[in-house]
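Enquirer: model the following, please.
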Amino acid sequence: QVQLVESGGGLVQAGGSLRLSCTASGRTLMGFRMGWFRHVPGKEREYLASITWTSSSIDYADSVKGRFTISRDNARNAVTVPLQMNSLRPEDTAVYYCAATGRSLSTDYRQWDYWGQGTQVTVSS
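Expert: Modelled structure (predicted):
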C-alpha cells in the first residue's frame with residue numbers, strides 16, 4: 001500500500017505564497033507519476049500539476065501555470081513532492097490533494113490510484 005500525507009495548508013492573503021508538501025511512503029513508488037489536485041464543494045476534483053519519477057516531464061494546468069511549481073525528491077524510504085504556490089488568489093481556495101498513479105499522464109482524477117487526505121488552503125481577499 002501507499003500512504004500519502006499532505007502538509008503546509010493554511011490561511012494566506014491574496015498575492016501571498018504557500019508551500020505544500022506531500023510525503024509518500026509504503027510500497028515502492030518507482031516509476032509512479034505524482035500530482036496535485038484540488039477540490040471545491042460542488043465541483044469536480046481539479047488537476048493542477050504532475051511530475052514523473054525522474055522529473056523529466058512536468059505538467060501544469062493552465063489555471064496555475066506560471067504561479068505554481070511542482071518538484072520531487074526520491075529518497076530511499078519516502079518520496080517528497082512539494083508544491084510551491086505563488087501569487088495566490090481567492091479562487092485558489094480549496095482542499096488540496098496529493099496523488100500518485102502508475103499510469104500515463106491524465107488530468108482525470110479517476111485515473112489516479114492513491115490519494116492523501118487533503119489539506120485546506122484558504123486565500124482571503
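Enquirer: only C-alpha atoms from now on, for both contacts and neighbour counts.
Expert: Fine.
Enquirer: could you measure from Val12 over to Gly118?
Expert: Going from Val12 to Gly118 by C-alpha to C-alpha, to the nearest Å gives 17 Å.
Enquirer: these two - which one has more neighbours?
Expert: Neighbour comparison, Val12 and Gly118: the larger count goes to Gly118, with 22 against 18 (by other C-alpha atoms under 10 Å).
Enquirer: which residues does that one contact?
Expert: By C-alpha atoms under 8 Å, 6 or more residues apart in numbering, the residues touching Gly118 are Val5, Glu6, Val95, Tyr96, Tyr97, Cys98.
Enquirer: in PyMOL, how would I select just the buried ones from those residues?
Expert: Here is the PyMOL command that picks out the buried ones among the contacts of Gly118, judged by 16 or more other C-alpha atoms under 10 Å:
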select buried, resi 5+6+95+96+97+98
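Enquirer: now, which of the contacts of Gly118 lie within strands?
Expert: Val5, Glu6, Val95, Tyr96, Tyr97, Cys98 (DSSP state E).
Enquirer: quick one: pLDDT of the fourth one?
Expert: We note a pLDDT of 98 for Tyr96 in this prediction.
Enquirer: how about it, what does it touch?
Expert: Trp36, Phe37, Arg38, His39, Gly118, Thr119, Gln120, Val121.
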